[in-house]
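Peer 1: mind folding the following:
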Amino acid sequence: AGGRPGQLYVDNGAMFIDSARRRACAVLGIRLTHSQPGRPGGRGKIERLFRTVREQFLVELTVPGALEAVGDLSRLNELFAGWVETVYHARVHSETGQRPLERFLAAGPPTLPTPRMLREAFLWSHQRMVTKTATISLHGNRYEVDAALVGRQVEVVFDPFDLSTLEVRYQGRSMGI
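Peer 2: Have a look, this model is predicted:
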């Protein structure tokens, strides 16, 4: 299965309201929806999924020696993906009367973002004012930009793990690396 979801429904925790998540959703065309504070009713479906995972998948790890046999997180992820594909997606859901994978695919094949779109989605973006000396400041570093941008507000797009290269955009157009 897989593909790009049409909507991401999350609570209001700090990790769900940050600008990086909002930007990633916007680039990928995913509607970001937050549950109402103090009204957990809408989160019931995800809580039910978590309960199913605990009762049907994680319970297997409580067998003596099972956790040690898994080894590492990568292997645990493989086992979880296998369980989802062969057990969870194969069972008929009591409410819908359909298997989850059948229901998911009923809308047609999932849309997959291009690698370029995925990269763009997970870059960070900040607004900066270009100084009189045609520089901007970002995370304690100063960068020289095109002198034509002096006094203008620009968007700085960058990989948060590699500040050696960033892109400056003005009014949605790239003004250079």
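Peer 1: quick one: neighbours of the closest residue in space to residue 132 that isn't next to it in sequence, just the number.
Peer 2: In space, and not counting its chain neighbours, residue 132 is closest to residue 150: 6.0 Å by CB to CB, 6 or more residues apart in numbering. Every residue, glycine included, has its C-beta placed from N, CA and C. Residues lying near residue 150 (other CB atoms under 10 Å) number 14.
Peer 1: show me the contacts for residue 150.
Peer 2: Residues near residue 150 by CB atoms under 8 Å, 6 or more residues apart in numbering: 130, 131, 132, 134.
Peer 1: likewise for residue 28?
Peer 2: 4, 113, 117, 118, 121.
Peer 1: report all helices and strands that the host helix or strand of the third one contacts.
Peer 2: Taking DSSP states H and E as the criterion, the element that holds residue 117 is helix 115-121. Using 3 or more CB pairs under 8 Å, 6 or more residues apart in numbering; DSSP states H and E as the contact criterion, the neighbours of helix 115-121 among helices and strands are helix 19-28.
Peer 1: next structured bit after the helix it packs on?
Peer 2: Taking DSSP H and E, what comes next after helix 19-28 is strand 31-34.
Peer 1: what is the rounded mean pLDDT of that next one?
Peer 2: The average pLDDT for strand 31-34 rounds to 90.
Peer 1: then stretch 146-165?
Peer 2: In the prediction, stretch 146-165 has an average pLDDT of 96.
Peer 1: restricting to C-alpha, output it in CSV.
Peer 2: Output in CSV follows, covering the C-alpha atoms of stretch 146-165 (Å, rounded to 0.1, in the frame of the first residue of the first chain):
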residue,chain,number,x,y,z
ASP,A,146,22.6,38.6,-3.9
ALA,A,147,22.9,42.4,-3.3
ALA,A,148,19.6,43.0,-5.2
LEU,A,149,17.9,41.5,-2.1
VAL,A,150,19.1,44.2,0.4
GLY,A,151,16.3,45.2,2.6
ARG,A,152,13.9,42.5,1.4
GLN,A,153,12.3,39.6,3.3
VAL,A,154,13.5,36.3,1.9
GLU,A,155,12.8,32.7,2.5
VAL,A,156,15.8,30.6,3.5
VAL,A,157,15.3,26.9,2.7
PHE,A,158,17.8,24.4,4.1
ASP,A,159,18.6,20.9,5.4
PRO,A,160,18.8,21.3,9.2
PHE,A,161,21.5,18.7,9.3
ASP,A,162,23.7,20.5,6.8
LEU,A,163,24.0,24.3,7.1
SER,A,164,26.9,24.5,4.6
THR,A,165,24.4,25.0,1.8
